[in-house]
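Q: Whatever this is, show me its structure:
(one chain, ligands or ions: 1)
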Amino acid sequence: DSKPPVNAIIRPDFQFETLGIGGLDSEFSTIFRRAFASRVFPRGLINKLGIQHVKGILLYGPPGTGKTLIARQIGQMLNAREPKIINGPEVLNKYVGQSEENIRKLFADAEKEYKQRGDESELHIIIFDELDAVCKQRGSGAGGGTGVGDSVVNQLLSKLDGVDQLNNILLIGMTNRKDMIDDALLRPGRLEVHMEISLPDEKGRAQILKIHTQKMTENHAIEPDVDLQELAHLTKNYSGAEIFGLVKAATSFAFNRHVEPGTLATVKKDVVDLKVRRDDFLNALEEVKPAFGVSEEELE
Ligand code: ATP
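A: Prediction:
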C-alpha cells in the first residue's frame, strides 16, 4: 500500500487515551498534522521547504465538546508555556476603551522573547475563547455596535500579519458560531486551519465515560453492573461536558446512600466503602439532560 500515513506526526500506534480527550482522535491528529508538523522538525529542514508555521487555528462547534481541552493538550505536547487565555466578552466589557491595548499586551511577551532568542524562543500559545463576541460587531454598524469589536479584530489582524517573522506564536480561536467570525480573520496566514469539534458519537461517548470514571475503576469504587457501552448508548446528544456532569450526578446518588436518613448530609458512621452503581447512573440520566438537538422522538 503506497498511501502515505494519515499524518506524519501522530503515529498510528499513538495512545490517544493518555490525552484524556475522548472521541476526538482524528480531529486531534489532523490539527496536529496541519498546524504542528512543521514545529517538531528542526528549523533547518523547515527552511529548506521555504514554508512558514501556521500561526492560527480555529476550533468551532457546540459548547462543552472539548475545544479547551484540545487547546491545552496541544500546548503540553509541544512543551509550550502555559497558554494565555482570553475571552471575547471579557475583552469587550471588562476593559472598555482598552481592548486594543489588551490585544497588544497578549502578544508582547512573545514578541519580546522572539527579539531576544529568535527561533530558540518557546512557543507562545494564545487561546481566544468566544471569539465571535468580538467579531460580530465589525463593520455591522447595526445594533448600536460600539466599534470596539472592529478595533479588536483589526488589532488581531495587524498582530497576526505582523508576526511573519515571529515563529513562536500560535493563536487558537474558539467559537460556537463560526458563521459570525469575520472572514478576514480566517484567511491563510491568519486563523487558517479550521476544525469542527462536534458532539461525540457513541464510540466517543464510551471513551469519555471511561476517562471520567477511570479513577473509580482503578480504586474499585464502581460496581461491575455499570456498563459504559450501555451508558454511551443512552447518552445520545450529550456533550463531553454533559457526560462529565452525568458522572458527577451519579456519584452524588452514591453518596446519598450513605447519608443518615432524616438528615441532609450527616454521613453514616459505618461508611468504609463507596461504590457507584448502575442505578445511580440511571437516576443521573433523569437529571442531567443534553442541551442540544434532542427531541422526544429521538429519545424513543
Ligand atoms: P465551550 O465552547 O463552552 O468553551 P469547550 O468545547 O471548550 O466548551 P471544554 O471546556 O473543553 O469544552 O470541556 C469542558 C469539560 O468537559 C472538560 O474540562 C472535560 O472535563 C469535559 N469534556 C468535554 N469534552 C470532552 C472530551 N471530548 N473528552 C473528555 N472530557 C471532555
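
Q: Phi and psi next, for the residue of the chain found nearest the ligand.
A: At 2.0 Å from the ligand, residue 240 is the closest residue in the chain, using C-beta to the nearest ligand atom. Just so you know, the C-beta spots here come from the backbone N, C-alpha and C atoms, and that holds for glycine as well. Here is the backbone geometry of residue 240 (degrees, to the nearest 10): phi -60, psi -40.

Q: residues near it, how many?
A: Residue 240 has 27 neighbours, counted by other C-beta atoms under 10 Å.

Q: swap in residue 207?
A: Residues near residue 207, counting by other C-beta under 10 Å: 23.

Q: That one and residue 19 touch, don't they?
A: No - distance between residue 207 and residue 19: 10.3 Å, which falls outside the contact criterion (C-beta atoms under 8 Å).

Q: export the lengthiest helix in the chain as PDB, just CAs?
A: For the chain, the helix reaching the highest residue count under DSSP state H is reported as helix 99-117. C-alpha atoms of helix 99-117 as PDB (Å, rounded to 0.1, in the frame of the first residue of the first chain):
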ATOM      1  CA  SER A  99      -9.400  46.500  24.200                       C
ATOM      2  CA  GLU A 100      -6.700  47.200  21.700                       C
ATOM      3  CA  GLU A 101      -4.200  47.600  24.400                       C
ATOM      4  CA  ASN A 102      -5.100  44.200  25.800                       C
ATOM      5  CA  ILE A 103      -4.600  42.500  22.500                       C
ATOM      6  CA  ARG A 104      -1.200  44.300  22.100                       C
ATOM      7  CA  LYS A 105      -0.200  43.000  25.600                       C
ATOM      8  CA  LEU A 106      -1.200  39.500  24.700                       C
ATOM      9  CA  PHE A 107       1.400  39.300  22.000                       C
ATOM     10  CA  ALA A 108       4.000  41.400  23.800                       C
ATOM     11  CA  ASP A 109       5.800  38.700  25.800                       C
ATOM     12  CA  ALA A 110       6.100  36.500  22.700                       C
ATOM     13  CA  GLU A 111       7.400  39.500  20.600                       C
ATOM     14  CA  LYS A 112       9.900  40.400  23.300                       C
ATOM     15  CA  GLU A 113      11.200  36.800  23.700                       C
ATOM     16  CA  TYR A 114      11.500  36.400  19.900                       C
ATOM     17  CA  LYS A 115      13.600  39.500  19.700                       C
ATOM     18  CA  GLN A 116      16.000  38.100  22.200                       C
ATOM     19  CA  ARG A 117      16.000  34.400  21.300                       C
END
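
Q: What score does residue 214 have for pLDDT?
A: In this model, residue 214 is scored at 96, pLDDT.

Q: re the thing from before, what is the longest helix of the chain packed up against?
A: Contacts defined by 3 or more C-beta pairs under 8 Å, 6 or more residues apart in numbering; DSSP states H and E place helix 99-117 against strand 84-87, helix 88-93, strand 124-129, helix 148-162.

Q: which outside residues touch the third one?
A: It refers to strand 124-129. The contact list for strand 124-129 (C-beta atoms under 8 Å, 6 or more residues apart in numbering) reads 68, 71-72, 74-75, 80-81, 83-88, 106-107, 109-110, 113, 156, 168-174.

Q: In that strand, which of the residues would be classed as buried?
A: Residues 124-129 are the ones in strand 124-129 that count as buried (16 or more other C-beta atoms under 10 Å).

Q: ok, now the last one?
A: Judged by neighbour count using 16+ other C-beta under 10 Å, the buried positions of helix 148-162 are 148-153, 155-157, 159-160.

Q: just stretch 191-210 next, same as before
A: 191-195, 197, 199-200, 204-209.

Q: Test my guess that residue 209 contacts residue 247.
A: Yes - with contact defined as C-beta under 8 Å, residue 209 counts as touching residue 247 (7.2 Å).

Q: Give me the residue ranges of the stretch 151-300 of the chain where confidence is low.
A: The model of the stretch 151-300 of the chain has pLDDT under 70 over residues 163-165, 293-300.

Q: what ranges do the strands span in it?
A: Along the stretch 151-300 of the chain, the segments classed as strands by DSSP state E, counting those that start in this stretch run 169-175, 191-196.

Q: For residue 61, which of these is the nearest?
A: Proximity to residue 61, assessed across those by C-beta to C-beta, is greatest for strand 191-196 (5.2 Å).

Q: The closest one relative to strand 169-175, how many degrees between them?
A: 40 degrees (axes from the mean of the first three to the mean of the last three C-alpha atoms, to 10 degrees).
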